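[1] Fold the following, please.
(4 chains)
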2 protein chains.
Amino acid sequence: MKPLKAVKLFSQIQNGNPVFSKSTEYALRATIFIARKASKEKKATIKMVAEGIGAPQSFTAKILQQLTKKNTGIISSVTGPSGGLYISGEAKKRSIFTVLELMGEIEVIEKCIMGLPKCNDANPCSMHKSYKIIKQELLRMLREKTIEELARSKDAIL
Amino acid sequence: MKPLKAVKLFSQIQNGNPVFSKSTEYALRATIFIARKASKEKKATIKMVAEGIGAPQSFTAKILQQLTKKNTGIISSVTGPSGGLYISGEAKKRSIFTVLELMGEIEVIEKCIMGLPKCNDANPCSMHKSYKIIKQELLRMLREKTIEELARSKDAIL
DNA sequence: ATAATTAAGGATATATTTATCCTCAATTGT
DNA sequence: ACAATTGAGGATAAATATATCCTTAATTAT
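    Residues are numbered from 1 along each chain as shown, chains lettered A, B, ... in the order given. This next block holds a predicted model:
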């Protein structure tokens, strides 16, 4: 069985979806960046974050809005001079799952791998059982990894 | 730690990306449907497949084109009366990995979970190691599951 | 108070994915 | 050969995700 090449180039159909959406990728990177580089005393500006994570500035701003929403946000923001973004010690203890939850990515993971709306444990698709194992391990990993922990690995590129 | 709700509704940013693209979801469903319902003697038409998997007909046709391309395709197609789609016994023995490969989904899985282009084993992001384990299990599962096997589970909804 | 700085948020533009439509080519049966 | 059936494939449209721009609100320092 020789390896196949994706036929993308020969087709009108493109499959460029990342596993997580680009918004979510930026959200993860921004969270880790802020946790690592900023504090209540030394906040990071959107500009700094965008440059630090290699994402467009205005779009980064939009995503950070999602993560700073009152009663849900894990990232704190302050307007005005010497304002910016930071993550409280409390919030740093939360898991990266929280970020993905705010980005609406958890319900995506929970869905049927083949996109069947009626698929569930009682009425499973043929991949359900196999995917469920993977899914559970992924979710467990996401729940265990704290923002703090990710921020602490300073040898990592992000 | 109370559970959070995604802030989708309050934001301009939507995250509707499935784990696999919709095209890939359809491709998986179509493959299993054809493997289960069709044979060289009794081919399935695009119309039958589209209805069987609950996908738009013309779009299903487009996706099936990708899976029938010469030298790469796992699905066979014949034009003309009593023509249609089927999967050879040989092809049925191949894994579902093949379908995902043709849909360009494997390289998506291989990518950095945070979308960092420079992330790799030598220069990892902070989630690299954890994600790698999940990724490998997913890929192994996909490589092991044959089309035949999925088609055989007739109690499954698809 | 005023000016300066910074995020919030609405409106809009661009890119990509998803979906539809129509004509053509291939095959079959008469 | 001819008509009918079916997929192939190009062109285009619609929906969604990504990205930009601009004005407003909040805060700080002078």
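[2] tell me the strands in chain A, going along the chain?
    Along chain A, counting by DSSP state E, strands occupy A:76-78, A:84-86.
[3] Tabulate these (TSV), appending mean neighbour count.
    (C-beta placed from N, C-alpha, C; glycine too.) Shown next, in TSV, are the strands of chain A (neighbours: other CB atoms under 10 Å in any protein chain shown):
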stretch	mean neighbour count
strand A:76-78	16
strand A:84-86	21
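[4] Which stretch among the ones you listed approaches B:Cys112 most closely?
    Closest approach to B:Cys112 among the strands of chain A is made by strand A:84-86 (23.1 Å; CB to CB).
[5] Who are the packing partners of that closest one?
    The helices and strands touching strand A:84-86, judged by 3 or more CB pairs under 8 Å, 6 or more residues apart in numbering or on different chains; DSSP states H and E, are helix A:46-53, strand A:76-78.
[6] now check the first one, is it near DNA strand D?
    No. Among the residues of helix A:46-53, none lie within reach of DNA strand D under CB under 7 Å from any atom of the strand; the closest is 8.6 Å away.
[7] Roughly how far does A:Gly84 sit from B:Glu41?
    69 Å (CB to CB, to the nearest Å).
[8] Low-confidence stretches in chain A?
    For chain A, applying pLDDT under 70 flags the ranges A:1-17.
[9] Could you pick out the residues of it near DNA strand D for me?
    Within chain A, the positions near DNA strand D by CB under 7 Å from any atom of the strand are A:12, A:18, A:21-23, A:26, A:55-59, A:61-62, A:78-83.
[10] again, 10 Å this time
    Neighbours of DNA strand D within chain A, by CB under 10 Å from any atom of the strand: A:7, A:10-13, A:16-18, A:20-26, A:50, A:55-63, A:77-83, A:103-104, A:108.
[11] buried residues in stretch A:60-74?
    Across stretch A:60-74, burial judged by 16 or more other CB atoms under 10 Å in any protein chain shown covers A:60, A:62-69, A:72-74.
[12] I meant stretch A:31-43, not that one.
    Using 16+ other CB under 10 Å as the test for burial, stretch A:31-43 gives A:31-38, A:43.
[13] ends of it, how far apart?
    Start and end residues of stretch A:31-43 are separated by 13 Å (CA to CA, to the nearest Å).
[14] List of residues touching that stretch?
    With CB atoms under 8 Å, 6 or more residues apart in numbering or on different chains as the contact definition, stretch A:31-43 has outside contacts at A:44, A:48-49, A:52-53, A:67, A:74-76, A:78, A:82-88, A:92, A:96, A:99, A:147-148, A:150-151, A:154, A:158, B:126.
[15] re the thing from before, which member of the buried residues of stretch A:31-43 is positioned nearest DNA strand C?
    A:Lys43 (6.8 Å; CB to the nearest atom of the strand).
[16] that older thread, right, and the pair among the buried residues of stretch A:60-74 with maximum separation?
    A:Thr60 and A:Thr72 (18.6 Å).
[17] among the contacts of stretch A:31-43, which ones are buried?
    Neighbour counting with 16+ other CB under 10 Å marks A:44, A:48-49, A:52-53, A:67, A:74-76, A:84-87, A:92, A:96, A:99, A:147-148, A:150-151, A:158, B:126 as buried within these.
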